[in-house]
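[1] no FASTA, just this:
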């Protein structure tokens, strides 16, 4: 007897028993996006997820890969690298043009083979995907922690003291 229709459909879709517990959303979405990415010339959605690490901080927020355009080939042709089509915002495209060789090397290092030999730059707006979490703060030094605690001695409300401690920590670290 079947336990539930959901579990049964999961067995049919994946070919194995359903996993217990939670799953990482990125893994689920990544596997769903892979067919769509293949239509754009990407073997998987990994290049989109890891784009910031591939190009580095200089171009992470102002560029976005659209697709890889593979050359037409016949069976007699060997492998030929493709053209990476990038969206880039306005004036940054000039800097990107000067760094094309570096970007090509990084993309090829990511793939592990010479997948790309050219970049086509399209000046278009880039969808920004800012990380909502701020960078973690460095720990306070012993003297900073002592000074902050001495300033918060008179605060009676624990929630207020905790909020002021977080604020003081952020101010001391950034100054």
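    That came through fine. Given the structure is predicted, the values throughout are model-derived calculations rather than measurements. Residues are numbered from 1 along each chain as shown.

[2] Look up the closest residue to residue 52, ignoring the ones flanking it.
    Counting by CB to CB, 6 or more residues apart in numbering, the nearest residue to residue 52 once its immediate chain neighbours are dropped is residue 60, at 4.0 Å. Yep, even glycine has a C-beta here, placed from its N, CA and C like the rest.

[3] again, but for residue 90
    Nearest in space to residue 90, with sequence neighbours left out and distances taken as CB to CB, 6+ apart, is residue 123 at 6.2 Å.

[4] How about the backbone phi and psi for the nearest residue to residue 106 once chain neighbours are set aside?
    Nearest residue to residue 106, sequence neighbours excluded (CB to CB, 6+ apart): residue 54, at 5.2 Å. When read as degrees, to the nearest 10, the backbone of residue 54 gives phi -70, psi -50.

[5] so where's this protein shaky on pLDDT?
    Residue ranges of the chain with pLDDT under 70: 1-21, 23-45, 128-134.

[6] And the most far-flung residue of it relative to its centre, which helix or strand is it part of?
    Distance to the chain centre peaks in the chain at residue 154, reaching 44.2 Å (criterion: CA atoms, centre = their mean). Assigned by DSSP states H and E, residue 154 falls within no helix or strand.
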